[in-house]
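**Q** Build the 3D model from these lines:
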Amino acid sequence: MLSLTADAHVHSEWSWDYGSDPESVGSMARICERAIEIGLPAVIFTEHLDLEDSWRADYGDIGDTAQKYMDGAGHVTLPPFDADGYLAAIERLRHEYQQLRILTGVEFGQPHLWDSKAAALFAGGDFERINGSLHMLPFDHGDRTEPTTLYKYRAADEVMWAYLEEIPRMIAGSDSFEVFTHIDYAVRSWPAGSDGPFDPRRFEEGFRAAMRALADTGRALEMNTRRLWPWIPQWWAEEGGRAVTFGSDTHGPYGLAAHFPEAMMMVESFGFRPGARPEDFWTR
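**A** Numbers count the residues shown, from 1 in each chain. Below you'll find the model as predicted:
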């Protein structure tokens, strides 16, 4: 039986949306304690790095934590990421939980738009893993918004295609990230009753084109374990993908490494194998 691999997509109180997930209880320390409890050898705290001046949302489309940053016009302006405080907290944890590998990281939203703004933060090499995420799409009047909101204004297929077509632009426009996370992000809020349940085959070429663009750069694709889709590792391997990571995307201790045994066996069936260290990419 495979030993658990690192959870490479974990949020703590250093992420602005910590508290929006029902499982958000505790802190960085509680997450570390939970990792030791379940035999997880390594945790990468990839806190949100979102550099938008503001973004548009409809009230109710975002959690209570984000709503406190919203103005009366529906624009969300987030607090800056406290990198110094975060890095100091990591050092304290490493001293206290020496039996656990604890790595630094960020989940960098829309890196193709903000690479130059993040350059100084990354220059010191303090972040051991930089995940790249696409959370926002163009909206009206120069605004950007999440798919959750966009689905209310545009046809579901149009939103999904817009998301998939933006991924290659993000990959081509940024060298700062090494892993593309949750390629199924726009699926999470797929609207019920749009044209039936989500069917990946309707968007297969879009997913495959995005995967090819990523594979051509040699970067890794995250197996986000909120939902286990066997077509993701299958299409990734078929399109030349050579590396994967695993991420629960948890915002609290109890979702840590959720569904990892099943995800690891699934990915192994497509020829991916673990590296020497638990945080290493799985490769084929």
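**Q** pLDDT at the residue sitting nearest the centre point of the chain, what is it?
**A** Nearest to the mean C-alpha position of the chain, by Cα atoms, centre = their mean, lies T181 at 4.1 Å. As summarised for this prediction, T181 has a pLDDT of 98.
**Q** That one and A192: what is the separation?
**A** As for T181, its distance to A192 is 25 Å (criterion: Cβ to Cβ, to the nearest Å). For every residue, glycine as well, the C-beta is placed using N, CA and C.
**Q** swap in D249?
**A** Separation of D249 from A192 (Cβ to Cβ): 22 Å.
**Q** Neighbour count for these two, which is higher?
**A** Set side by side, D249 and A192 show more neighbours around D249, with 24 against 8, by other Cβ atoms under 10 Å.
**Q** Excluding chain neighbours, what is closest to that one?
**A** The shortest distance from D249 to any non-neighbouring residue, by Cβ to Cβ, 6 or more residues apart in numbering, is to H9 (4.9 Å).
**Q** what about that neighbour, which SS state?
**A** Classification of H9 using DSSP: H, G, I helix; E, B strand; the rest coil returns strand.
**Q** Please report the number of neighbouring residues for it.
**A** 28.
**Q** centre of the chain versus stretch 228-248, how much separation?
**A** In terms of Cα atoms, centre = their mean, to the nearest Å, the centre of stretch 228-248 is found 14 Å from the chain centre.
**Q** so after the worst-scoring helix or strand of the chain on mean pLDDT, what's the next helix or strand?
**A** None of the helices or strands of the chain scores lower by mean pLDDT, DSSP states H and E than helix 64-67, at a mean of 78. Sequence order places strand 75-76 as the next helix or strand after helix 64-67, per DSSP states H and E.
**Q** quick one: the residue of the chain most remote from its centre and P274, what's the gap?
**A** Distance from the C-alpha centroid of the chain peaks at G72, with 28.6 Å (Cα atoms, centre = their mean). Distance, G72 to P274, by Cβ to Cβ: 50 Å.
**Q** now swap in T148 and tell me
**A** 34 Å.
**Q** ok so, going back, my read is that the residue nearest to the centre of the chain contacts V106, right?
**A** No: counting by Cβ atoms under 8 Å, T181 does not reach V106; the two are 11.1 Å apart.
**Q** Can you work out which residues contact both of the two?
**A** Here T181 and V106 have N131 as joint contacts, going by Cβ atoms under 8 Å, 6 or more residues apart in numbering.
**Q** hang on, the earlier thing: quick one, what contacts the residue nearest to D249?
**A** Contacts here follow Cβ under 8 Å, 6+ apart; on that basis H9 touches 44, 46, 107, 131, 181, 222, 224, 245-250.
**Q** Which ones among those map onto helices?
**A** Per DSSP state H, helices hold no members of those.
**Q** ok, of those, which one's closest to G142?
**A** E107 (24.0 Å; Cβ to Cβ).
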